[in-house]
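Asks: Got a predicted model here, sequence first, then my questions.
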Amino acid sequence: MKVIVTGKNGQLGNELAKLSPANAEIELFDSKALDITNIAMLNEVLIAHSPDVVINAAAYTAVDKAETETELAYAVNEQGAANLATVCKTIGAKLIHVSTDFVFDGTKTTPYEANDITNPLSVYGASKLAGEQAINNVLGSQAIIVRTAWVYSAFGNNFVKSMLNLMQQKEHLGIVADQVGTPTWAKGLAEFIWALTVQIMSKNSINSTQNDNKADILNWTDAGVASWYDFAVAIQELALEKGLLNKEIPIRPIPATSYPTPAKRPAFSVLNKAQAEQVSGVQTIHWRAQLSNMLDELAQKANS
């Protein structure tokens, strides 16, 4: 099984590299070695390597900057995705593309299903949805779109590491309590994607409940539900236990209106993972347990 992974320097790319199956021939590329916005470069690299599967972990993810860097967000998230799909079609490769909960507007009160109506509130969400649509139009059932949310890891910049820094520097914090979703450890997401890749190659397809000529959409986050406030409280509690913080500070819940951001975010973006669990054979793990595992990793690094 030959696999190409884009975006190797991101949180997910880093975990995909660490967890790659022993029986797979993996090539990982950063944006300099493989710029997905450059169709000529994509053609050259993918034809040379002739992968069975391409995992696209490359994306423009600066949610608030996207409101002003619109052209760049669409270049990567829409045109880059379309380019990948086009070349995958040429060489007969399957594509696993990572997307986001930001394609939804957050007005539901029950977990989002793959076929729910999309209505992004931000440029970032709209650009990611445009990428999904481009892939579906070009590749159809040769592609799988994996929607995820609130991704963090021991690597790179993310909410968990920002909170740890702020908790060391500040006397108190106010964290948004009326935006609800599910945190996702990038390592768990990578484990799911590799299990999915193995399933694709062993069956040459996935068990789809959707229309045969459409790309399959699967949701993947950790299990459970949290607000950003819940997440921050858990980060502090667990970090204190593990010696990553040496003092406790007050954390108070605030409404999103008290912390305005350039990009509007969905108030509710919990995703239903049942189909993804069934297809991959991987069970979701509660977000708090995954957070504990990731903080153990950080503590080990700090002590080594």
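Replies: Arrived safely, thanks for sending.

Asks: Please make it C-alpha for all contacts and neighbour counts, starting now.
Replies: Will do.

Asks: Give me the residues contacting the helix or strand bottoming out on mean pLDDT in the chain.
Replies: Least confident element among the helices and strands of the chain, by mean pLDDT, DSSP states H and E: helix 186-203 (a mean of 91). Helix 186-203 is contacted by residues 1, 11-12, 15-16, 19-21, 53, 151-153, 205-206, 220-222, 279-282, 290 when judged by C-alpha atoms under 8 Å, 6 or more residues apart in numbering.

Asks: so how far is it off the chain centroid?
Replies: Mean C-alpha position of helix 186-203 versus that of the full chain (C-alpha atoms, centre = their mean, to the nearest Å) differs by 14 Å.

Asks: Ok, stretch 54-62 next?
Replies: Distance of stretch 54-62 from the chain centroid (C-alpha atoms, centre = their mean) equals 8 Å.

Asks: Pull out the buried positions in that stretch.
Replies: V54, I55, N56, A57, A58, A59, Y60 (16 or more other C-alpha atoms under 10 Å).

Asks: And the furthest pair within those residues?
Replies: V54 and Y60 (17.9 Å; C-alpha to C-alpha).

Asks: Considering the buried residues of stretch 54-62, which is situated nearest to P250?
Replies: Closest to P250, out of all of the buried residues of stretch 54-62 and judged by C-alpha to C-alpha, is Y60, at 33.7 Å.

Asks: so who does that closest one touch?
Replies: L72, A73, V76, N77, Y124.

Asks: one step back: just the buried residues of the contacts of helix 186-203.
Replies: For the contacts of helix 186-203, a neighbour count by 16+ other C-alpha under 10 Å gives the buried set as 11-12, 15-16, 20-21, 53, 151-153, 206, 220-222, 279-280, 290.

Asks: for this structure, what are the low-confidence residue spans?
Replies: Residues of the chain meeting the criterion pLDDT under 70: 203-212.

Asks: which residue ranges form the helices in it?
Replies: 11-18, 39-49, 70-74, 81-91, 123-139, 159-169, 186-203, 228-241, 274-280, 287-303 (DSSP state H).

Asks: Comparing those, which comes out most buried?
Replies: Per residue and on average, the most neighbours among the helices of the chain fall to helix 123-139, with a mean of 24 (mean count of other C-alpha atoms under 10 Å).

Asks: what is the orientation angle of that one with helix 81-91?
Replies: 20 degrees (axes from the mean of the first three to the mean of the last three C-alpha atoms, to 10 degrees).

Asks: chain center to helix 123-139: distance?
Replies: The answer for helix 123-139 is 15 Å, by C-alpha atoms, centre = their mean.

Asks: helices or strands next to that helix in the packing?
Replies: Counting contacts by 3 or more C-alpha pairs under 8 Å, 6 or more residues apart in numbering; DSSP states H and E, helix 123-139 packs against helix 70-74, helix 81-91, strand 94-100, strand 143-148.

Asks: Which secondary structure elements does the shortest one sit against?
Replies: By that I understand helix 70-74. Other helices and strands packing on helix 70-74, by 3+ C-alpha pairs under 8 Å, 6+ apart, are helix 123-139.

Asks: Give me the distance between Q236 and A149.
Replies: The gap separating Q236 from A149 is 21 Å, by C-alpha to C-alpha, to the nearest Å.

Asks: was I right about S227 contacting W150?
Replies: No. Using C-alpha atoms under 8 Å, S227 is not in contact with W150, being 10.7 Å away.

Asks: Overlap of the contact sets of the two?
Replies: With C-alpha under 8 Å, 6+ apart, S227 and W150 have common neighbours G181, T182.

Asks: I'd guessed V146 sits against S99; true?
Replies: Yes. The criterion here is C-alpha under 8 Å, and V146 meets it with S99 at 5.7 Å.

Asks: And the contacts of stretch 123-137?
Replies: 60-64, 66-67, 70, 73-74, 77-82, 85, 99-104, 119-120, 143, 145, 214-215, 263.

Asks: Now that stretch - C-alpha only, CSV.
Replies: C-alpha atoms of stretch 123-137 as CSV (Å, rounded to 0.1, in the frame of the first residue of the first chain):
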residue,chain,number,x,y,z
VAL,A,123,-14.8,32.5,5.2
TYR,A,124,-12.8,29.5,6.6
GLY,A,125,-15.9,27.4,6.8
ALA,A,126,-17.1,28.4,3.3
SER,A,127,-13.6,27.7,1.8
LYS,A,128,-13.5,24.3,3.4
LEU,A,129,-17.1,23.5,2.1
ALA,A,130,-16.1,24.7,-1.4
GLY,A,131,-13.2,22.2,-1.2
GLU,A,132,-15.5,19.4,-0.2
GLN,A,133,-17.8,20.2,-3.1
ALA,A,134,-14.9,20.4,-5.6
ILE,A,135,-13.7,16.9,-4.5
ASN,A,136,-17.2,15.5,-4.7
ASN,A,137,-17.6,16.9,-8.3
